[in-house]
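Peer 1: need a structure here:
(one chain, ligands or ions: 1)
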Amino acid sequence: MTAVPIKTVIIHGQSHQGSTCHLARMLAEKIGGETTEFFLPRDFGKFCTGCTTCFVKGEDKCPHHADLAPITEAIDAADVIILASPVYVFHATGAMKNLLDHYGWRWMAHRPDAIMFSKQGVCIATAAGAGVKSTLKDMEHSLFYWGVGQIEKLGMGVAATDWDGISAKKKTALEKKTAAIAARLKFRAGRVTPSLKTKAMFGIMRMVQKNGWNPLDVDHWKNNGWLGKARPWKQERK
Ligand SMILES: Cc1cc2nc3c(=O)[nH]c(=O)nc-3n(C[C@H](O)[C@H](O)[C@H](O)COP(=O)(O)O)c2cc1C
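Peer 2: Numbers count the residues shown, from 1 in each chain. Next up, the predicted model:
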């Protein structure tokens, strides 16, 4: 276990404090340390314009760069990134999807940040009944392609529309699941090595960048030494 307190950021895919929010906070409490929270769209609601400026000219040229900065900084500073969304028509909320759209540039296919590979992520979703799996996948896709080293998932069909409506039995099960996930996160903290799947995907993207079409992306890979022998998970931890 690391002696340094774990920094957690929770990105809530909704602006109200219902079942999903309670569940994310239950996990954060068990992780301990310092937690920063953002609620969407309350804390960021600008829609991606599809200009592709982030990809070809730089993420700092995104028309929403300044509005997004507090969330980006919190994600970059965190050891654990929790993405939590209720299931809306079998998927993550539009607000969550919109936030993740703004980070397309940091997918491994473009300009992943070396610091991601030593972070851990958790995807959380609650549904009344069905759609948890596809919703967790919506969020897992981004964490995985950002390069986040280890990813946990926690979802449940809670048979309720708010926290008070969830049965005591289900809440007990959620207490147990969050305790198990928190224990794993704390065990790995400070010594995260990315999964084999992440390393394999990085290898594929590295081959793609050897003949990359976007000079900004190719320069990023070259400057990090990743087209040579350097690898992000071997770079000094920040
Ligand atoms: C617009 C909307 C769409 C929903 N779609 C689904 C769905 O596809 N499947 C489901 O089981 N529940 C669905 N629900 C119910 C919520 O996912 C469920 O009650 C969830 O636990 C609410 O979490 P919250 O309290 O954090 O908002 C939907 C609710 C809303 C408001």
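Peer 1: residues touching the residue nearest in space to the middle of the chain, list them.
Peer 2: Ranked by distance to the mean C-alpha position of the chain (Cα atoms, centre = their mean), the top residue is Leu143 at 4.2 Å. Applying Cβ atoms under 8 Å, 6 or more residues apart in numbering, we find Leu143 in contact with Ile81, Leu83, Gly121, Cys123, Ile151. Bear in mind the C-beta positions are built from the backbone N, C-alpha and C, glycine included.
Peer 1: Out of those residues, which comes closest to Asp43?
Peer 2: Proximity of the contacts of Leu143 to Asp43 (Cβ to Cβ) peaks at Leu83, which lies at 13.8 Å.
Peer 1: ok, how many other residues are close to the closest one?
Peer 2: Counted by other Cβ atoms under 10 Å, the residues lying close to Leu83 total 27.
Peer 1: before we move on, what about Gly18?
Peer 2: 18.
Peer 1: any idea where the helices of the protein begin and end?
Peer 2: Secondary structure of the chain by DSSP state H: the helices cover 19-31, 53-56, 65-77, 94-101, 132-146, 168-188, 196-210, 215-223.
Peer 1: Let's have the contacts of Leu143 in TSV, adding pLDDT and distance to the ligand.
Peer 2: Listed next are those as TSV, based on pLDDT from 0 to 100; distance: Cβ to the nearest ligand atom, whole Å:
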residue	pLDDT	distance to the ligand
Ile81	98	18
Leu83	98	13
Gly121	98	19
Cys123	98	14
Ile151	98	21
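Peer 1: filter the residues you listed to the buried ones?
Peer 2: Buried subset of the contacts of Leu143 (neighbour count, 16 or more other Cβ atoms under 10 Å): Ile81, Leu83, Gly121, Cys123, Ile151.
Peer 1: Look up the closest residue to the residue of the chain found nearest the ligand, ignoring the ones flanking it.
Peer 2: Using Cβ to the nearest ligand atom, the single residue of the chain nearest to the ligand is Gly18, 2.2 Å away. Closest residue to Gly18 in three dimensions, ignoring its sequence neighbours and counting by Cβ to Cβ, 6 or more residues apart in numbering: Asp162, at 5.2 Å.
Peer 1: any idea how far the one you found is from Gly155?
Peer 2: From Asp162 across to Gly155, the span is 17 Å (Cβ to Cβ, to the nearest Å).
Peer 1: do Phe55 as well
Peer 2: Using Cβ to Cβ, Phe55 is found at 31 Å from Gly155.
Peer 1: Between these two, which is the more surrounded one?
Peer 2: Counted by other Cβ under 10 Å, Phe55 and Gly155 do not tie: Gly155 has more neighbours, with 21 against 18.
Peer 1: give the contact list for that one.
Peer 2: Counting by Cβ under 8 Å, 6+ apart, Gly155 touches Cys123, Ile124, Ala125, Thr126, Ala127, Val132, Lys133, Thr135, Leu136.
Peer 1: Tell me who's in contact with the closest residue to it other than its chain neighbours.
Peer 2: Nearest residue to Gly155, sequence neighbours excluded (Cβ to Cβ, 6+ apart): Val132, at 3.6 Å. Applying Cβ under 8 Å, 6+ apart to Val132 gives the contacts Val87, Ala125, Thr126, Gly155, Met156, Gly157.
Peer 1: of those residues, list those near the ligand.
Peer 2: Val87, Thr126 (Cβ under 6 Å from any ligand atom).
Peer 1: Val192: how many residues sit nearby?
Peer 2: 19.
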